[in-house]
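[1] give the three-dimensional model of this entry:
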Amino acid sequence: MLLKRSLISLAVLGLFSSVDAADKVRSPQVIFTKKCAMCHTIGKPKNKAQKKKMVAPPIDVAMSGVVITIDAVDGPMSDKEIKEESISFLKDYLYNPHPDKTNCEDVVVKKFGMMPSLKGFISQKELDVVVPWVYDTFKPAKENGKYIDHH
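    Prediction:
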């Protein structure tokens with residue numbers, strides 16, 4: 001009887017351990033690689049073959065569109081305010097994309113189409129981890145208060 005209880009206890013502990021492990025959110029880089037990089041490249045394509053395979057703009061181009069538009073439309077804003085607005089916008093847009101919300105130029109939307117909703121593909125916890133990292137990693141650079149175009 002004691003052995004049976006011990007085995008049941010171990011099984012229950014194992015079940016909770018696997019639930020805890022499944023509930024843990026991965027690092028932002030892992031989330032980006034698994035959930036974002038399948039469509040968004042990092043940087044420009046290196047050749048025509050890579051360019052032809054593109055299904056979305058490079059992530060730095062997409063982030064530039066978001067940040068520069070928010071700063072231009074809602075500005076002037078502090079860097080902290082721009083970050084907060086950009087993160088808030090992205091979390092909403094990734095679940096609820098709409099042509100009225102897009103910060104992409106018409107030519108980009110014409111080429112790639114609208115971003116599909118990621119609801120059901122990426123969890124809110126994953127968004128909370130990856131979106132600030134994407135912002136910090138790929139936001140456009142500023143020099144003397146002006147955005148630098150590296151494209």
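
[2] shaky segments in this protein?
    For the chain, applying pLDDT under 70 flags the ranges 1-24, 150-151.

[3] any chance you could map the strands in it?
    142-143, 146-147 (DSSP state E).

[4] so G43 touches M54, yeah?
    No. With contacts counted by C-beta atoms under 8 Å, G43 stays clear of M54, the gap being 11.6 Å. Where you see a C-beta, it was placed from the backbone N, CA and C, and this is true even at glycine.

[5] for the protein, which residue occupies the most central location?
    For the chain, V131 is the residue whose C-alpha lies nearest the centre (C-alpha atoms, centre = their mean; 4.5 Å).

[6] wait, that residue sits on L90?
    Yes. Look at V131 against L90 with C-beta under 8 Å: they come within range, at 5.0 Å.

[7] residue contacts, the nearest residue to I70 once chain neighbours are set aside?
    Once flanking residues are discounted, I70 sits nearest to E85: 4.9 Å by C-beta to C-beta, 6 or more residues apart in numbering. Applying C-beta atoms under 8 Å, 6 or more residues apart in numbering to E85 gives the contacts I70, D74, M77.

[8] now the last one: closest residue in space that isn't a chain neighbour?
    Beyond its immediate neighbours in the sequence, the residue positioned closest to M77 (C-beta to C-beta, 6+ apart) is D71, lying 6.0 Å away.

[9] for the one you found, what are its contacts?
    So D71 contacts M77, I82, Y147 (C-beta under 8 Å, 6+ apart).

[10] and the gap between it and M114?
    Per C-beta to C-beta, to the nearest Å, D71 is found 23 Å from M114.

[11] all helices for the protein, in order.
    Taking DSSP state H as the test, the helices found in the chain are 2-23, 28-31, 48-53, 59-74, 79-95, 106-112, 124-138.

[12] more neighbours: G43 and M54, which one.
    M54 (15 against 12; other C-beta atoms under 10 Å).

[13] right, and that one touches T41 too?
    Yes. In this structure, M54 is within contact of T41 by C-beta under 8 Å, at 6.7 Å.

[14] ok so, going back, please work out which of the strands of the chain is packed deepest.
    strand 146-147 (a mean of 12; mean count of other C-beta atoms under 10 Å).

[15] strand partners (parallel or antiparallel) of that one?
    The pairing partners recorded for strand 146-147 under DSSP bridges are strand 142-143 (antiparallel).
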